[in-house]
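Novice: all I have is the shape, not the residue letters:
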């Protein structure tokens, strides 16, 4: 449904625009029809730029893309007819109602008035917006506004929907609602591409995830595949800053340890069987005269995948 | 056809938005009336060098100039509302749809033009009891010219709004453009008062013919056929160019 090759974009930056920031440095994608595909990465990784290129809002500096059969560079108008795009900040006017916005959106996609009104009515039903459809958008809660935004993005039943950080700033209940709407759209056959910097969102919502950093895809796969790559468990040892170094030295040579990462608040240890390893870890530390403040056992998360690939954590970058 | 349809669509939406914001309508009506009434006591003396011997004659000179000021300055400031819509993501949302790009701006500029023309009509009506006299065909022609003037200045303003790298620069840039135009067109103070060199500068570009055109019928016809169409086309195409250039680096 979406195929890209070597998609690139740089921006002039610096005081006189002399230096160049490579926001996106060669993205190759192959998104299948009917899947929810996620771009996961820290802020500034190039997720939004990639999405805006695919949505025809900015022109790529290089590379090519085929979206629902339309060529991004040669036929942006064809791409626009086939896609929907919801920006992070939405795009509703305060003074008009949700219904009016939906009718307007349908008309911008070329529908006649009566048809647009019917489409708006259908969207209000489908997204359960009828209750507040005739109030001005300025009165909506964050979650209500977001659902209107998404309804606007799919008013013309596009083949592909792009969502930029769809749940930023939402409370947990609204977040769940947005996820449910996205999954409903997928079951209706839509291909959905989301960007997110939330690990749980990528994990719970996406069929496949591309982890991006510095404008490139670091690794791509289903959340399960990615986490399987980090075999076994993660043990977190909470240590004061001066204790982390000696503890790392003491533990590094332990044969059952796959990898060790030193963070600000302690150590992350990657090993096969965390529960069995904890007593042995503690006894080694004890021998070195170190007592950790806390010990936690975790299943690896997508953040561990990111950490393993980049040496940094998404949540801390 | 699609352009006309899309422009009409955008225009309708903008009229609705204006209608929903009553404060703008109140300001839009009171502002021109203020201009007319508060400046009135000064008019006869100030306009004496231009041959005004009575208040009626002073208004005859002042009102066309005021209308031109309204359309030039009013139009130049319309970019601010576009900045607001850019910030709110409304423009971006529209740009992802197949709606005509030109219509997105033309519909907005026409709405601004409509607003300015309504103000112009109010000014004309309020000026009648003060002694303004004008025959209907000339008046209608003047409105056409004023409409083109407003469309042109709105287009320039949109061009500035789209081309500027940051919003804070909008006001100074517009001011810097508006002040010399105001001076050289003679709409603020009559150029009859100006020293010779300033009059020479003002004569050289064609822009002086715009407010002057509203004053003399013969010149009006010339301006209509010669100046305005090309001065509209220029900024509009500049504006279409600049649209594609505005691509602020996104956050993520």
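Specialist: Here it is on my side, so go on. From a predicted model like this one, the values you see are computed outputs, not experimental measurements.

Novice: now the helices: where do they sit in chain A?
Specialist: A:47-54, A:76-82, A:98-108, A:113-126, A:142-153, A:172-187, A:199-205, A:223-229, A:241-251, A:274-287, A:302-310 (DSSP state H).

Novice: out of these, deepest packed?
Specialist: helix A:47-54 (a mean of 26; mean count of other Cβ atoms under 10 Å in any protein chain shown). Heads up, the C-betas are built off the backbone N, CA and C, glycines and all.

Novice: got the contact list for that helix?
Specialist: A:2, A:4, A:7, A:9, A:23-24, A:27, A:39-41, A:58-60, A:65, A:67, A:72, A:83, A:85, A:88, A:162, A:164-165, A:193, A:195-197, A:212, A:215, B:247, B:249-252 (Cβ atoms under 8 Å, 6 or more residues apart in numbering or on different chains).

Novice: kindly write the ChimeraX command that selects the buried subset of these.
Specialist: Here the buried members of those are turned into a ChimeraX selection, burial being counted by 16 or more other Cβ atoms under 10 Å in any protein chain shown:
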select /A:2,4,7,9,23,24,27,39,40,41,58,60,65,67,72,83,85,88,162,164,165,193,195,196,197,212,215 /B:250,252
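
Novice: quick revisit: out of the helices of chain A, flag the one nearest residue A:295.
Specialist: Evaluated over the helices of chain A, closeness to residue A:295 peaks at helix A:274-287, with 6.1 Å, by Cβ to Cβ.

Novice: now the angle from that closest one to helix A:241-251?
Specialist: Between helix A:274-287 and helix A:241-251, the angle comes out at 110 degrees (axes from the mean of the first three to the mean of the last three Cα atoms, to 10 degrees).

Novice: element containing the residue positioned nearest the centre of chain B, please.
Specialist: Here the mean C-alpha position of chain B is nearest to the C-alpha of residue B:71 (Cα atoms, centre = their mean), at a distance of 2.6 Å. Using DSSP states H and E, the element containing residue B:71 is helix B:55-76.

Novice: same check, this time on residue B:12
Specialist: Using DSSP H and E, residue B:12 falls in helix B:2-19.

Novice: following that helix, which helix or strand comes up?
Specialist: According to DSSP H and E, the helix or strand after helix B:2-19 is helix B:22-46.

Novice: for that following helix, packing partners?
Specialist: helix B:2-19, helix B:55-76, helix B:101-127 (3 or more Cβ pairs under 8 Å, 6 or more residues apart in numbering or on different chains; DSSP states H and E).

Novice: gap between that helix and the chain center?
Specialist: Distance of helix B:22-46 from its chain centroid, counting by Cα atoms, centre = their mean, to the nearest Å, is 16 Å.

Novice: next, the angle helix B:101-127 makes with it.
Specialist: Going by the same axes, to 10 degrees, helix B:22-46 makes 50 degrees with helix B:101-127.

Novice: so what's residue A:215 up against?
Specialist: Contacts of residue A:215 by Cβ under 8 Å, 6+ apart are A:22-27, A:45-46, A:49.

Novice: how much space separates it from chain B?
Specialist: From residue A:215 over to chain B the distance is 11 Å, taken as Cβ to the nearest Cβ, to the nearest Å.

Novice: now do the phi/psi pair for that residue.
Specialist: Backbone torsions for residue A:215, taken as degrees, to the nearest 10, come to phi 80, psi 10.

Novice: so residue B:106 makes contact with residue B:7?
Specialist: Yes: here residue B:106 reaches residue B:7: they are 4.8 Å apart, a contact under Cβ atoms under 8 Å.

Novice: okay, these two: which has more neighbours?
Specialist: residue B:106 (25 against 21; other Cβ atoms under 10 Å in any protein chain shown).

Novice: what is the neighbour count of residue B:180?
Specialist: The burial count for residue B:180: 12, using other Cβ under 10 Å.

Novice: and the helix or strand containing it, what other elements does it pack with?
Specialist: Per DSSP H and E, residue B:180 falls inside helix B:170-184. Here helix B:170-184 touches helix B:55-76, helix B:79-87, helix B:136-163, helix B:196-203, going by 3+ Cβ pairs under 8 Å, 6+ apart.

Novice: output the helices of chain A as a markdown table; include the columns mean pLDDT.
Specialist: Output for the helices of chain A, formatted as a markdown table (pLDDT from 0 to 100):
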| stretch | mean pLDDT |
| --- | --- |
| helix A:47-54 | 92 |
| helix A:76-82 | 92 |
| helix A:98-108 | 94 |
| helix A:113-126 | 93 |
| helix A:142-153 | 92 |
| helix A:172-187 | 91 |
| helix A:199-205 | 87 |
| helix A:223-229 | 80 |
| helix A:241-251 | 80 |
| helix A:274-287 | 84 |
| helix A:302-310 | 79 |
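
Novice: can you redo those as a markdown table with distance to residue B:119?
Specialist: Output for the helices of chain A, formatted as a markdown table (distance: least, Cβ to Cβ, whole Å):
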| stretch | distance to residue B:119 |
| --- | --- |
| helix A:47-54 | 39 |
| helix A:76-82 | 37 |
| helix A:98-108 | 26 |
| helix A:113-126 | 30 |
| helix A:142-153 | 34 |
| helix A:172-187 | 44 |
| helix A:199-205 | 50 |
| helix A:223-229 | 60 |
| helix A:241-251 | 67 |
| helix A:274-287 | 74 |
| helix A:302-310 | 58 |
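
Novice: and residue A:308, how far from residue A:215?
Specialist: 20 Å (Cβ to Cβ, to the nearest Å).

Novice: could you list every residue that touches the residue most central in space within chain A?
Specialist: When Cα atoms, centre = their mean is applied to chain A, the residue found nearest the centroid is residue A:196 (2.2 Å). Neighbour list for residue A:196: A:38-40, A:47, A:165-167, A:202, A:205 [criterion: Cβ under 8 Å, 6+ apart].

Novice: which one of these is nearest residue B:39?
Specialist: Closest to residue B:39, out of all of the contacts of residue A:196 and judged by Cβ to Cβ, is residue A:165, at 52.5 Å.

Novice: and residue B:92, how close does it get to chain A?
Specialist: For residue B:92 relative to chain A (Cβ to the nearest Cβ), the value is 6 Å.

Novice: just say helix, strand or coil for that residue.
Specialist: Secondary structure for residue B:92, judged by DSSP: H, G, I helix; E, B strand; the rest coil, is helix.

Novice: would you confirm that it contacts residue A:58?
Specialist: No: when contacts are counted by Cβ under 8 Å, residue B:92 is not listed as touching residue A:58 (10.5 Å).

Novice: in the stretch 151-300 of chain A, what residue lies closest to chain B?
Specialist: residue A:195 (6.1 Å; Cβ to the nearest Cβ).

Novice: give me every residue in the stretch 51-200 of chain B lying close to chain A.
Specialist: B:85, B:88-99 (Cβ under 8 Å from any Cβ of the partner chain).

Novice: picking up where we left off before, contacting residues for the residue of the stretch 151-300 of chain A closest to chain B?
Specialist: Residue A:195 neighbours (Cβ under 8 Å, 6+ apart): A:38-41, A:47-48, A:50-51, A:163-165, B:252.

Novice: which members of the residues you listed are the farthest-apart pair?
Specialist: A:41 and A:163 (15.1 Å).

Novice: rounded mean pLDDT for stretch B:178-196, please.
Specialist: For stretch B:178-196, the mean per-residue pLDDT is 76.

Novice: same question for stretch A:10-27.
Specialist: 79.

Novice: how long is that stretch end to end?
Specialist: One end of stretch A:10-27 sits 13 Å from the other (Cα to Cα, to the nearest Å).

Novice: contacts made by it with the rest, please.
Specialist: Stretch A:10-27 has contacts (Cβ under 8 Å, 6+ apart) with A:4, A:6-9, A:46, A:49-50, A:53, A:60-61, A:63, A:212, A:214-217, B:249-250.
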